[in-house]
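**Q** what's the 3D shape of this:
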Amino acid sequence: MEEWKERLKEEGYIEVGDFIIEVSVDSECPCKDDEVYPVIMIYDRKTESWYYVDEPFDPVNNFTEAWEEGIKVLEGYINGKEPRLKRTPKKFAPDDVIKRFAEALKTLENKTDSQSELNV
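**A** Numbering: from 1, shown residues only. Next comes the predicted model:
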């Protein structure tokens, strides 16, 4: 398994370039219907702002499943899908943030044991 994925699984976050990427779960407690959803939060150190990934996640049962969903989304971004980062439900992240985030994620491509691009 690539190191960034393992680090994300073990610690719940990774640092890539200007960004901190955190994968967690979102649930209402007490749980109404036992459904939880993955949440990917992005902190941009350059702008000192938080964003979240706005993708149609399927419900999951635990953190491991949330991590698996999060990895699929991040791999899609690494492979060229445009990131869907939002600041609020009605406001997308600025274009320059999305572009910098996409470029930062590309440094994870084919990285296995190198920590030169992955600040861990």
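**Q** so which strand or helix has Ala104?
**A** Per DSSP states H and E: Ala104 is located in helix 95-106.
**Q** give the buried residues for that helix.
**A** Across helix 95-106, burial judged by 16 or more other CB atoms under 10 Å covers 97-98, 100-102, 104-106. Where you see a C-beta, it was placed from the backbone N, CA and C, and this is true even at glycine.
**Q** then stretch 72-81?
**A** Buried-residue list, stretch 72-81, by 16+ other CB under 10 Å: 73-74, 77-78.
**Q** which parts of the chain are strands?
**A** 13-16, 19-26, 37-44, 49-53, 85-88, 91-92 (DSSP state E).
**Q** let me have those strands in CSV, extended by mean pLDDT and mean neighbour count.
**A** Formatted as CSV, the strands of the chain follow (pLDDT from 0 to 100; neighbours: other CB atoms under 10 Å):
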stretch, mean pLDDT, mean neighbour count
strand 13-16, 95, 19
strand 19-26, 90, 18
strand 37-44, 94, 19
strand 49-53, 97, 19
strand 85-88, 96, 15
strand 91-92, 96, 12
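**Q** now tabulate those strands in a markdown table and tack on distance to Val60.
**A** Listed next are these as a markdown table, based on distance: least, CB to CB, whole Å:
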| stretch | distance to Val60 |
| --- | --- |
| strand 13-16 | 18 |
| strand 19-26 | 7 |
| strand 37-44 | 6 |
| strand 49-53 | 15 |
| strand 85-88 | 20 |
| strand 91-92 | 25 |
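**Q** how about those strands, which one is nearest Pro59?
**A** strand 37-44 (5.8 Å; CB to CB).
**Q** who's in contact with that closest one?
**A** Strand 37-44 has contacts (CB atoms under 8 Å, 6 or more residues apart in numbering) with 18-27, 49-53, 55, 57-60, 65-67, 69-70, 73-74, 85, 97, 100-101.
**Q** all set now, cheers.
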